[in-house]
Structures are given as C-alpha cells and as structure tokens.
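Colleague: Structure, please.
(chains A and B)
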Amino acid sequence: MYYNISLIKSQLSSDNSKLKNRVRELKENLKKLPDEKLVEIFRSDKSNEVFGILYERYKNMIYAYVKKFLYTTPEDIAGEVMHDIFISAYLSLVKIKNPLAFKVWLYQIARRTCLKYIRSVKFSTVSIEAGSDPSHTFDIPDKKINIEKEYIEKEIRLAVFDQIGRMDKQFREIVILKFVNKLTFEEISGIIKIPVRTIKYKLNRAFDRINKKLEREGYL
Amino acid sequence: MKQNNIYSSGDLLKYFFGLFSKKKRARIKEYLEHGKGRNQEITKAVNIKNAIDNEPIPEYKEDLNIIIKKALKLKERKKQEDPFQKWLQFIRENVIIPLSYKWKYAAAVMGIIILGIILFLPQPKPEVYVTGANGDLMIDDQDFFSGKRSKFSLKRGIRIQTGDGKISFQIRDKKIILMQKESDCTLTREEGTLHLKLVKGSIFCNIKRSQDAAVLLVHAGEIQFKITGTKFTLTREKTENIVTMELLEGRVEAQFRDKSYTITDRSLFQIKGTQILRRDLNKMELKKFRSFNEVQFISGLHNSKGLFIETDPSDSTVFNKGKAVGKTPYFMAEDIKKEYDLFVFKNGYLAEEIDIKNIKQKGLQMKLKKRSEPELLWKYRSPVPATANPLKVDSFLIIPGEDNIVYKFSLTAKKMTWGFHVKDKVTIKPCFYKDTLYISSSDGSLYAVDFKTGRLIWQKQVGKLVYSEIVVYEQNLYLATGKGIIYCMDKKNGNIMWHKEFPNAFYSPFIINNDTIYIGNIDGYLYAINIRNRKIKWKIQTQAEIVSSKPFIKDDLIFFTSNDGIVYAVEHRSGRLRWKYRTGSSLFTSPIYLDGLVIITANNGLIHALQSSTGTLKWKYNTGEDILSNPVIFNNRYIFAGDKNNTLYILNKYGILFSRYGQAFKYYILYDKNVIMFGRDNIVYNFQLIQKAD
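Modeller: As a prediction, the model looks like this:
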C-alpha cells in the first residue's frame, strides 16, 4: 500500500482552513448574541472568549464612567480600579441571579468599587480646575470641518463637566450615568436602587445648579 | 387663545434630556415648532446638548488576559489561605444560591426570628464608663490607657488600681467617681445593690439621689457606709489604719463593729484604729465656697490640691499644652497647674481658654458657647471680579479689577472712591508706601499713583514678566523680573538707578533686610545681594526651583522653601545652613512664624509646624484637600489656612482645629476680628469672625 502523502496533506490543510472559517463564523455569531445568552453560555462553559466579548462591549463605557466619577485620579489609578471591577465581574459572573440584568449588574460593581476607592482615600468632594489634567483632554474625532464650532463645544464641555466634577457624590452619579453613559431612567434606578421619580427630581436639581453656573459664565 | 409660553434656555435643556412630564413636553414641542422669537435660547440649549452628546468616549486599551490572570491568582490565593472559606464557597455556589431563588422568603423569616432572639436575650449591659484616665492605671490587672475599650460590665466585678495616674468613671444612672493616685478599689453588683470596696487611697463620689433605699454600699476595712444621694470623699490609709469620710451633702449611715453612726452633711468622720473623730466642716473657713469647690478644700486636707472643672455641656475635652488630658467633669491636680496652657473644647462649640491665675474660686464652672456661623457685617457687589490679591491700607481697599481698572474702595462708606486705568491686567498685589501706590501691570509698565486722588505721578516701562511683588526700601523701589533682572528705581520719578542681571528668571517674592536682598531664583539658588555694592554676599543651592516662596527672617535665621519640598533655615549673615526639613510633597507657599514655630502648608494638604531653632517637627495637621495658598497668622495666636476648595481652617499653635468655614471665596484679608472675603460671584463680604473678646 502506498499513501499519497501529498493528497493527505492537502486534505488536511483544506480541512484546517475549513475549520478556521467555521471557527470565525461561530465567533462572529457569538458577537451578535445579546447579553443574556452570553451569560448563560458562560455559566455552562466558563470560557474566556465569551467573557472577552462582553468585556469589549462594555469596557469603554465603564472606563468613561470611572474617569468622570473619580475626576481627579491619574490614569494608573483609574486603571487599577478598572482591573478591580473586571476581576470581580469575572469571578462572580457565575453567581449572577438574573441574566437579563448584566448591564445594570456591571454598573453596580463599577459604582461599588469607585465608592470603595473614594472611602479609602477619604475625599468627599472633588475639586478640579478645568483643563489642568492632560488626561482629561481627549482627541476630538474629525467629524466636522468647522474648527471654531469644535473649539466652542470643547469649551462648553469642559465647563459642564467641570461643574459636574464639583457636585456632591449623589448628584454626580446620576448625572454621569445619564450624560456620559446614556442609560435610561429604569436602568439607572436599577443600579443605584432609587425609584425613578427621585432620580428625576435629583437630576432636575443638578440641572438647576449646572444652569446657574453656565448662565454666570455666559454659555446660557 | 392661550399665549405661547416663552421658555428659557435652561428649560429647553431640561426638555432635551427628557425631564418634563408629558403635557409639558407636548407644549414645549409646539413652542419649538411654531414659537416666535427667542431663537437665541434654542440655539444655546442645542449647543450645550450637542456638546454633551458629542463627548468622546475614551478607549480603554487593556488586554483581557492580564485581568483574567489576576482574577485566577486571586482565586487561588483565597483558596489556599482558607480551606474553611473554600468549603463555604462550594456550598454557597452549589447549594444556597439555587435554593435562594425559591427559599428567599424562608430565609427572611429566619433572619427576623434570629434578630428577635438576639434582642430579647438578657445581655450584660456595660455599667461602668471610663470618662477620663491619666497616667499609670490598671483595670482588672491589665494596664489601662486612653484609647482602650472604656466600657465595663459589673457581672464579675471590676478592680481598679491607680499607680501614678488618676481615673474618673461613671456608673449608670450618673454616679461619678474620681480616684486619686495610688488607690485601689473594687466594684461589684450583688443582688441589685452596688458594692464598692476601698482597699487604699482616696476616692471622690458624686451620687444623685434616687428613690432606692440603698444605692451604694461602701466598704473600707471593717466599716460599711450606706449611701443614698451624696457627695463625699473617702480615704483609707492602710499603714496607719485610718479611714476618713468627708461628707458634703446628704446623709450617710455608717456601721462599725455592730454600732451604727449617722453622719450629717458637711462633716468629717474619721476612724483611727478604734477611735472615732468627728468634725464639723462648717466651723472651718468654708462658708464662702460653693458645693463643688469643696473638693479642692477637702482634698487639701490630704495633700492633694487642685482645680475642679465642670462645663455645660459636659463631656468636653480639656487640653493642656496641646495634649488632651481628660474630659469634664475633670479634676486637675496642683502639680499640673504649674505648667499649664489650658483650654476646653467640644465639637460644635467654641473653644474656651482657662486662665488659671485669675481664678479666685477654687472650682470652675464654664458654659460653652455654640459655634455659630460668622456674622456677616455687610456685603457689596463689585462691578468686576478681582484679579490679584487686594491690599488693605487703613480703612481702604485697593482692588485690581478685571476691566484693567484699579479701584480704591472705602470700607466705611462702602463705595468706590476712584478708579485708575492701566493698560493690561494687574496680577500682582500693589505696594503702598507713604501716600503713593505702586502698581505693576502685566505688560511691563510700572505706575506710581497718588493714594488720595488717584492721579498718576509717574509711569515707567520695565519690560515684561514681572511676577514678584514690589518692595520699597530706603527711598528706592526694587523689582525682579522673569528675565532675571533686578531693578533699583528712584521712587520719586521712576528712574532706574541700577540693575543686575542673572541668567535665570525670578518668579518668587523677595525681602530686603539690613541692606541685603534675599531672593530665590528659578535655578534653585537663594541669593543674598548687597544693595550698596551690588555684589552677591552668599548663595545657597536647593534641589529644585524656588518659584513662589517668600522668605522671612527671625533672629539670625532666614527661613525659605523650595519646590523640592524642603524647608531651609540658613544664617542670614554668613549663608551657612542650620537645618533643613523634608515635607514630602511639593510646596508653593511661604513659611510663617508663630511663637517659636515655623509653619508650612504643603500642597498635599498637610500643615507642618517645626521648631524654629532646630527644625524638629512639633505637629502635623491633615486638612484632606490640596492647599495652594499661604497661611496667615491672626491675632498672634491663630493660624488661618485655606485649601483648594476654599474652606478656611483655623488652628491654634498646638495644631488643634478651632473651626472651619467653607465659603466660595477667592481672596481674603484679615484684620482685627474681621475677615474680608472676595467671592467668585463679585461680591465682597465682611464677616466678624470670632465672637468672644480675644
């Protein structure tokens, strides 16, 4: 008997490429799944791939939340806080009760670690000067050609988030979740565990303060 | 027809973020589509909404694998550390959590039952509270010092021995007991009555009357006293077997060897071996004293004189020389009185100083005043915000405004009297000397202005970058610029008499003393320059730039700070370094002097107080926020420091915080008992800060 090695090799390679394609398809399909199903898969399989997909989906928003909430922290400490959040998320994703609430649950963990960090460092209010920390000036994406408008927007943004950084913890939380992370009122009430009407009331009060200060500085 | 409501830009912002009810939203929607005029408001609100919505989302570039590795390491570590935890986790993950979905309610009920059991169980309540302790003590044969658990229950009894120290404690229902040095007593509760056995030493008790027949039974050797509501001192000297009881109020029954005696109030009862001695206290020179003062007299009989301090409200801390010594009611012995610097403080109340020399009574009863907000005397809305530190001259303020006008403001009339135009912003505090005001603006010109009228006397161009304040010394003006040049100018006409060039810039303020200029340069050196021959006397090197620290001279030392966070003390004649102190954070402020202490506020919020001769740290105070402005001494006793959030801290020379005020102000000037604050909202406030006569 003689074996046609080249045939076998070619067969194997083709199978390999078929396998690769198949794997790629599955991965892309995975990415399209909603949160609940990914959590169920993770519970049974405990594969890091699935967690990776959820990570990619939420890491930027959580990073924005952490940065705005802890307004004066430098980048490496914000990085540590992010690490803590995702470590605890990874370790306790198995115990999650309601797979429908992954987003809210993740934000709860983020909020809890930020408050823990704040308590450990012992600062109750955050005082900042607009534009002093270089990590706060992000690169503006080149959507518009109008440079003046961009500059004005940047100034307004700095003024607004400057005021938000100065507010008390309770107002800051709600405003950041609404402005930066753009969550609905129901989601916010799930994270902070306050009824929707008090959230609206607090947001109203925060708005009044921001409006006053913007009026004084001439933006409104 | 209903009129179209006109909405402000603030309302429109709220509309865009979904804060209004359905009806209002519908109305605003109509207004946006058909509303006339006020387009400005709409565009303003839309601009802000767009700015907020277009907030770029940051990119977080951390590899997930690092996080997963860390998580697994944590898990392993937890497992290794605690096998019991591991067992618990296993059960939790596989048994309890799936069960909890269904058995939530059962668990809640169990929790409530357990709580009920805990609440209704008879618990040993603590009965003895230690209110003040000082020196060597032992409670239950264990050393006791302040900071330890200070509540004890009387189930098994408690034994208190004082060696070098004293202790005051309180039993439930307000029975106060003070124990003197070298005493020994035990407290027990048997069948509802308290028993106190005194082995040696002396105690003072103050027991309120109650309806019980016998509240306290005191044993001293073979004698037993039954006490209902009294104040008394009891001593027992074991060596000579003497027991003395001095009764201030009430009545006491004593039993000794099957005989009972009644002791009436204000009398002394002493048993020496078998002899009984009685004395009437009234016959001694006591009538002018009030009841609690007698402690001093009484203990005077046993060679321990002192002062008894009571305050209303009680439980305030007594400080001696900056250290807490006890809580009121407090008995202070004579030997402490010799080295005293007392004050009494409680949170929320004003601190009161105790001047022992002027106390004629032998006891002290003080009422503490509640700390109220500082009283606002007047406020004034200025047309523009101030750009530099204002200057106070007699009853006028010089305020450089943002519209490039320097105003003179009269504190008595509360009006602006004149305004002087300058070309560019004034960022440095102006200087006043003998009726002329010297102003330097940021385009490099120097103005000399008549103080009364506001008319220009002369004007000179000096060159840009003047950052340090102007100093006037012996008919001449001295300036230092960011180009490294020191100018000496005639103050009458502004002619430059001489100048000296340095390679690097001068940013920090300087002083002139004894014909020498002491100035810090950005290259890290502090130069001492002789005015007469313009030569450098000496220079000393620091490890970083000297940017904003004004030195000060006291005795033969000059103190200054540098950006490297170190405070230097140098002999100002020779330039030799005496000591240096590392604060551990960057410093942008100047040091100040109070009573032998050099005080520095560091950027990380710590206030350090160093001894001026040796540089040793006396105390540190943490404000918790960054401090970027200089501290100020007020009334020669208090230190004022303001932090980044503009809360003002007032400390005394031992580092104890007296009060803390938070106001949104930019600059503040202190004089007499007042403080003038310049708010961010262009309003000038004048507060009366300290209410009592200081």
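Colleague: Can you report how many residues lie near residue 71?
Modeller: Assuming you mean chain A. Per other C-beta atoms under 10 Å in any protein chain shown, the neighbour tally for A:Tyr71 reads 18. (Each C-beta comes from the backbone N, C-alpha and C, glycine too.)
Colleague: The chain in question should be chain B.
Modeller: B:Ala71, neighbours per other C-beta under 10 Å, totals 18.
Colleague: element containing it?
Modeller: helix B:64-81 (DSSP states H and E).
Colleague: dump the residue contacts of residue 42.
Modeller: Let's take chain A. With contact set as C-beta atoms under 8 Å, 6 or more residues apart in numbering or on different chains, A:Phe42 has these partners: A:Val50, A:Phe51, A:Leu54, A:Leu93, A:Val94.
Colleague: wait, chain B
Modeller: For B:Ile42, the contacting residues are B:Ser9, B:Leu12, B:Leu32, by C-beta under 8 Å, 6+ apart.
Colleague: what's the burial count for the second one?
Modeller: Right, B:Leu12. So B:Leu12, with other C-beta under 10 Å, has 23 neighbours.
Colleague: wouldn't it be in contact with B:Ile28 here?
Modeller: Yes - with contact defined as C-beta atoms under 8 Å, B:Leu12 and B:Ile28 form a contacting pair (7.1 Å).
Colleague: Any idea how many residues pack against B:Ala107?
Modeller: 12.
Colleague: what secondary structure does it sit in?
Modeller: helix (DSSP: H, G, I helix; E, B strand; the rest coil).
Colleague: and it, how far is that from chain A?
Modeller: 14 Å (C-beta to the nearest C-beta, to the nearest Å).
Colleague: Let me see the ranges of the helices in chain A.
Modeller: Along chain A, counting by DSSP state H, helices occupy A:5-32, A:35-45, A:48-69, A:75-92, A:102-121, A:147-166, A:169-179, A:185-192, A:196-217.
Colleague: Residue ranges in chain A under the pLDDT threshold?
Modeller: A:1-14, A:99-100, A:121-149, A:220 (pLDDT under 70).
Colleague: Surely B:Glu93 forms part of a helix?
Modeller: Yes - counting by three-state DSSP, B:Glu93 is located in a helix.
Colleague: So which bits of stretch B:552-571 are buried?
Modeller: For stretch B:552-571, burial by neighbour count (16 or more other C-beta atoms under 10 Å in any protein chain shown) applies to B:552-553, B:557-570.
Colleague: Among those, name the least confidently predicted one.
Modeller: Among the buried residues of stretch B:552-571, B:Asp564 carries the lowest pLDDT, at 81.
Colleague: So that residue, which state does it fall into?
Modeller: Following three-state DSSP, B:Asp564 is assigned to coil.
Colleague: Identify the residues contacting it.
Modeller: Residues near B:Asp564 by C-beta under 8 Å, 6+ apart: B:Thr542, B:Gln543, B:Ala544, B:Ser586.
Colleague: I'd guessed the third one sits against B:Leu587; true?
Modeller: What it means is B:Ala544. No - with contact defined as C-beta under 8 Å, B:Ala544 does not count as touching B:Leu587 (9.5 Å).
Colleague: These two - which one has more neighbours?
Modeller: B:Leu587 (26 against 15).
Colleague: sec struct for that one, please.
Modeller: With three-state DSSP as the criterion, B:Leu587 reads coil.
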